[in-house]
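In: generate a structure from the sequence data that follows.
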Amino acid sequence: MAPIIGKAHVGYLPNNKVVGISKLARVVEAFARRFQVQEKMTAQIANCIQDVLQPQGVGVVIEAVHQCMTTRGIHKSDVSMVTSQMVGTFRKDARTRVEFLRMIDAKR
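Out: Here you go, the predicted structure:
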């Protein structure tokens, strides 16, 4: 087992329910503590937010470095993996998806 270290970007378009940012961080943390792969974790975070808040849409993008790549085996540094899960409006409406992805890119 080796840790995955990275950033999670979460966005949602609310219908009726709105939560504080700390609640979103808790959802990410809850799934990140489990022994699993990044792709599954990304989908679980998006689906959990969708199921509980029932927003118009959810977008989750995770960019992470896998320690299995840097500390053993191939020993490659500066390699990261990006996974995404788009639900609802984020999947159906390209404008919403592009806006979300641009906001993430602006933070770099």
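In: show me which residues of whatever helix or strand Lys23 lives in are buried.
Out: Lys23 belongs to helix 21-32 when assigned by DSSP states H and E. Residues of helix 21-32 classed as buried by neighbour count (16 or more other Cβ atoms under 10 Å): Leu24, Val27, Val28, Phe31, Ala32. In short, each C-beta sits where N, CA and C put it, glycine included.
In: quick one: residues in contact with that helix.
Out: Residues from elsewhere that reach helix 21-32 (Cβ atoms under 8 Å, 6 or more residues apart in numbering): Ile4, Ala8, Val10, Met41, Gln44, Ile45, Cys48, Ile49.
In: sketch out the low-pLDDT regions of the protein for me.
Out: Judged by pLDDT under 70, the chain has its weakly predicted residues at 68-70, 72-74, 106-108.
In: kindly recompute the last result at 90.
Out: Applying pLDDT under 90 to the predicted model, the residue ranges of the chain that meet it are 1-5, 16-17, 35-36, 64-81, 105-108.
In: show me where it has its helices.
Out: Defined through DSSP state H, the helices belonging to the chain, from first to last, are 21-32, 38-53, 67-71, 89-92, 94-106.
In: who's in contact with the second one?
Out: By Cβ under 8 Å, 6+ apart, the residues outside helix 38-53 that reach it are 4, 8, 10, 12, 14-15, 17, 19, 24, 27-28, 31-32, 34, 55, 58-62, 64, 66, 81, 83-88.
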